[in-house]
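Visitor: Just to be clear, the model below is a prediction. Sequence and coordinates:
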Amino acid sequence: METNITFEQLPNEVAKLREDVHKLMVLMRQNQAPKPIIDEDLPVGIKEASKILKLAVPTIYSKVSKGELPYYKNGKFLLFNKNELMEYIKQGRRKTDAEIEAEADAYLYNKKKGRSNGNH
């Protein structure tokens, strides 16, 4: 590899460099692995769903039969999506006392503001 490049050689050297970069990019694209499937998108069976939800397997079956829990059926097997299980958990979130108090204050403020504008 030549270390000193003259001004006259510069255009040829830049052209070689561009060609080498192009070849490297082609090789990188060819060897690029497909994007991995995000773990949360993979379906899980009832035992895994039981661990995620921290519920007994019979409780899972009960919630499925009542239509309380989203699921997929593949033949005789029940499958669950991890993201959907996490959404189910989030639906059970209870508000803190501070959140409830803030909502009540906002409601009362809006109600009072409506009365002062002549609305009922």
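Guide: The structure has been received and is ready for your questions. Numbers count the residues shown, from 1 in each chain.

Visitor: tell me the contacts of K63?
Guide: 55, 69 (C-beta atoms under 8 Å, 6 or more residues apart in numbering). Backbone N, C-alpha and C define where each C-beta goes, glycine included.

Visitor: so which strand or helix has it?
Guide: Using DSSP states H and E, the element containing K63 is helix 57-65.

Visitor: Likewise for K73?
Guide: Using DSSP H and E, the element containing K73 is strand 72-74.

Visitor: How far off centre is that strand?
Guide: What separates the centre of strand 72-74 from the centre of its chain is 22 Å, taken as C-alpha atoms, centre = their mean, to the nearest Å.

Visitor: model confidence over that strand, on average?
Guide: The pLDDT scores in strand 72-74 average 89.

Visitor: thinking again about what came up before, report the mean per-residue pLDDT for the helix holding K63.
Guide: 95.

Visitor: Report the buried residues of it.
Guide: 60, 63-64 (16 or more other C-beta atoms under 10 Å).
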